[in-house]
Every structure is written in structure tokens, then in C-alpha cells.
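*Asks:* Everything below, folded, please.
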Amino acid sequence: MQTVDLATWLRNNVDWNKYVSLVHAIGDELNERKLRFDKSDLLERSLELFSDQNLQYVNQEGVDHIGPNGVTIEMKYTEGSLFTRKTKKKKPHVADLQLMNSRGSSAGRELPENYADFLLICDTDSAAIIAKKDLVPYVIDAGDGLKTSKLSSNMIQYVFVPGEHKPLDLAESVSYKDAKMKMQQAFLAQF
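*Replies:* Residues are numbered from 1 along each chain as shown. Below is the predicted model of the structure:
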């Protein structure tokens, strides 16, 4: 599958209005160190639900989703990664993204063969995709893992850009942090 074809498929098969609504609802509530994993779990899992299960969430090392024709996709979310935060201008380079954490030195390491076929880069109100083969020249040693560096915006294919999708007005805004605390208290009350 070509990058442009996958970008079109994602554009047409994921409800990105729901995605931007979720991102808006979460806001910066889950940016604390202990809650960042919850944030990534919510965003990654949401694409399976928001695609009517057309994107299968698998949560494997280097692969978050299986898409059309069995293509594998790794998802990375970083606020301000694709467009400037205030003026929403396209950045000349994608913000550096941590691709893998080796919990030790990554000197001389490369993306493993089983790393996803495509990297889906998500921002608060935009998303883009790049094929692994096009990503590899921009992957560098980050000391304890691998990250991107100076990935030109010309190398990525946009799925959607700021202004195309707006957060839905939710009747009641729910705090994930509060809901998690209540769930933990209910669980602990069993003992």
C-alpha cells in the first residue's frame, strides 16, 4: 500500500471529529508523568473505536494498529508536532518523536524489521503518515532509544489538517482522571 493510499483510507475510515473531541476533552489533564501512559492508551485505542474496528488495536512493540490489507501502523501523539500551536502554520520539520525506548544505550541500533510499515503522527487537530522506508533516514540514536530528527514536512502525507475537524460539543465533560480515581476506589473497596 502506498502512503497516499493509506492517508486517503485513514481520512475516509476514521471519525476524526471524535478524535479531536477526545483530544480536546483530555486537554493537559493527563500530562503528568504517571498519567502519560493512560493518555497514549486512550488515543491509540480510540482509533479502533472511531474507525468502527477497521483499524485493529494490537499494542505490540513498534506496532499499535493493523489496518487495511494487513498494513501495520505505529501511532505517535505530540502536541504541536505538525503545526504551530497558536497560528496553526505548517512546521518545516515534524517535531522530534521518540520512536523506541531501549531502556539503555541504542548506539548503532536501527528500527527493527518488525517495526510498523507506517508511522501515524498525530497532533491535537491534525494527523499525517509516513512509510517506514521514508522514515529510516531521519531516525537517530537518542541515547536510550531511537527518535526522529529533522524530518521534513515534505516527506509526510497529511491525513487531515487544522480546521478540517472541530471538537464536538459534549453535553457533559468527563474527567478521565476523576473517573480513574473512582474506578480505583471501587476496585479497592472489594477488599
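*Asks:* next one: stretch 21-30 to chain centre, how far?
*Replies:* If you compare the mean C-alpha spot of stretch 21-30 with that of the full chain, they lie 14 Å apart, counting by CA atoms, centre = their mean, to the nearest Å.
*Asks:* Ignore what I typed, I meant stretch 70-83.
*Replies:* In terms of CA atoms, centre = their mean, the gap separating the centre of stretch 70-83 from the centre of its chain is 4 Å.
*Asks:* packing partners for the helix or strand where Leu47 lies?
*Replies:* When elements are defined using DSSP states H and E, Leu47 is found to belong to helix 36-50. Taking 3 or more CB pairs under 8 Å, 6 or more residues apart in numbering; DSSP states H and E as contact, the helices and strands that helix 36-50 lies on are helix 16-26, strand 56-60, strand 63-66, strand 72-77, helix 176-188. Every residue, glycine included, has its C-beta placed from N, CA and C.
*Asks:* contacting residues around that helix?
*Replies:* Counting by CB atoms under 8 Å, 6 or more residues apart in numbering, the neighbours of helix 36-50 from elsewhere in the structure are 14-16, 18-19, 22-23, 26, 30-31, 55-57, 59, 64-65, 75, 77, 122, 176, 180.
*Asks:* helices or strands next to the helix or strand bottoming out on mean pLDDT in the chain in the packing?
*Replies:* Counting by mean pLDDT, DSSP states H and E, the weakest-scoring helix or strand in the chain turns out to be strand 98-101, with a mean of 87. The helices and strands touching strand 98-101, judged by 3+ CB pairs under 8 Å, 6+ apart, are strand 72-77, strand 145-148.
*Asks:* Of these, which is nearest Ala131?
*Replies:* Taking CB to CB, strand 72-77 is the member of the helices and strands packed on strand 98-101 nearest to Ala131, at 10.6 Å.
*Asks:* what's the angle between the closest one and helix 36-50?
*Replies:* Between the direction of strand 72-77 and that of helix 36-50, the angle (axes from the mean of the first three to the mean of the last three CA atoms, to 10 degrees) works out to 130 degrees.
*Asks:* avg pLDDT for strand 72-77?
*Replies:* Average pLDDT, strand 72-77: 98.
*Asks:* for stretch 37-53, same thing?
*Replies:* Averaging pLDDT residue by residue across stretch 37-53 gives 96.
*Asks:* just the CA coordinates of it, formatted as PDB?
*Replies:* What follows is the C-alpha trace of stretch 37-53 in PDB, where atoms were taken according to Å, rounded to 0.1, in the frame of the first residue of the first chain:
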ATOM      1  CA  PHE A  37       0.700   6.100  29.500                       C
ATOM      2  CA  ASP A  38      -3.100   6.400  30.100                       C
ATOM      3  CA  LYS A  39      -3.100   9.300  27.600                       C
ATOM      4  CA  SER A  40      -1.300   7.200  24.900                       C
ATOM      5  CA  ASP A  41      -3.600   4.200  25.600                       C
ATOM      6  CA  LEU A  42      -6.700   6.300  25.200                       C
ATOM      7  CA  LEU A  43      -5.600   7.900  22.000                       C
ATOM      8  CA  GLU A  44      -4.300   4.700  20.500                       C
ATOM      9  CA  ARG A  45      -7.400   2.700  21.500                       C
ATOM     10  CA  SER A  46      -9.700   5.400  20.300                       C
ATOM     11  CA  LEU A  47      -8.800   4.900  16.600                       C
ATOM     12  CA  GLU A  48     -10.100   1.300  16.700                       C
ATOM     13  CA  LEU A  49     -13.400   2.500  18.100                       C
ATOM     14  CA  PHE A  50     -13.500   5.600  15.900                       C
ATOM     15  CA  SER A  51     -12.900   3.500  12.800                       C
ATOM     16  CA  ASP A  52     -15.700   1.000  13.500                       C
ATOM     17  CA  GLN A  53     -13.000  -1.600  14.200                       C
END
